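Enquirer: Sharing a sequence plus its predicted fold:
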Amino acid sequence: MLSRVYIAPAGHILLDYIKKIHYSVFVKVVIEKKAAKYLESLDAVMKQRIEQALKDLAKEPPSGDIVKLQGKDGFRRRVGDYRIVFDITETNVIVYKIAPRGQAYKGD
């Protein structure tokens, strides 16, 4: 599994957790700038747990405690007291927000 960090021209940070799956499709985890900034501010242990969860999202099918959001598009993945709010396209998992449970759904 590859693990690279790119700065895209649009300002997005791409954590290139690419996994080749049986359809020869590459799945990328795309983390928006705000979520990436929050991820960088976390302590080392929680950051490592969330990075592992992001790698699991690149699997086909994505694994973990994933639930469809009610009343809006997207999904959430639980990692302890934190939530990863994301959406899935054919080749990308787009992470919009990483936040503590109480703040994850505010302001969306």
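Expert: Yep, that arrived. Residues are numbered from 1 along each chain as shown.
Enquirer: Which other helices and strands does the helix ranked longest in the chain contact?
Expert: Secondary structure of the chain per DSSP state H: the longest helix is helix 44-57. With contacts taken as 3 or more Cβ pairs under 8 Å, 6 or more residues apart in numbering; DSSP states H and E, helix 44-57 sits against strand 13-20, strand 26-31, helix 33-41, strand 75-79, strand 82-88, strand 92-100. Using the backbone N, CA and C atoms, a C-beta is placed for each residue, glycine as well.
Enquirer: Give me the contacts around that helix.
Expert: Residues from elsewhere that reach helix 44-57 (Cβ atoms under 8 Å, 6 or more residues apart in numbering): 1, 3, 15, 17, 29, 31, 39-40, 42, 62-64, 77, 79-80, 82, 84, 86, 93, 95, 98.
Enquirer: rewinding a little: where among the helices and strands packed on helix 44-57 is average confidence lowest?
Expert: Per-stretch mean pLDDT for those is lowest at strand 13-20 (a mean of 44).
Enquirer: mind putting the helices and strands packed on helix 44-57 in JSON lines, distance to residue 48 and mean neighbour count included?
Expert: Compiled in JSON lines, the helices and strands packed on helix 44-57 are given as follows (distance: least, Cβ to Cβ, whole Å; neighbours: other Cβ atoms under 10 Å):
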{"stretch": "strand 13-20", "distance to residue 48": "13", "mean neighbour count": "17"}
{"stretch": "strand 26-31", "distance to residue 48": "15", "mean neighbour count": "20"}
{"stretch": "helix 33-41", "distance to residue 48": "11", "mean neighbour count": "15"}
{"stretch": "strand 75-79", "distance to residue 48": "10", "mean neighbour count": "18"}
{"stretch": "strand 82-88", "distance to residue 48": "12", "mean neighbour count": "20"}
{"stretch": "strand 92-100", "distance to residue 48": "13", "mean neighbour count": "20"}
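Enquirer: Having no further points to raise, I will conclude here.
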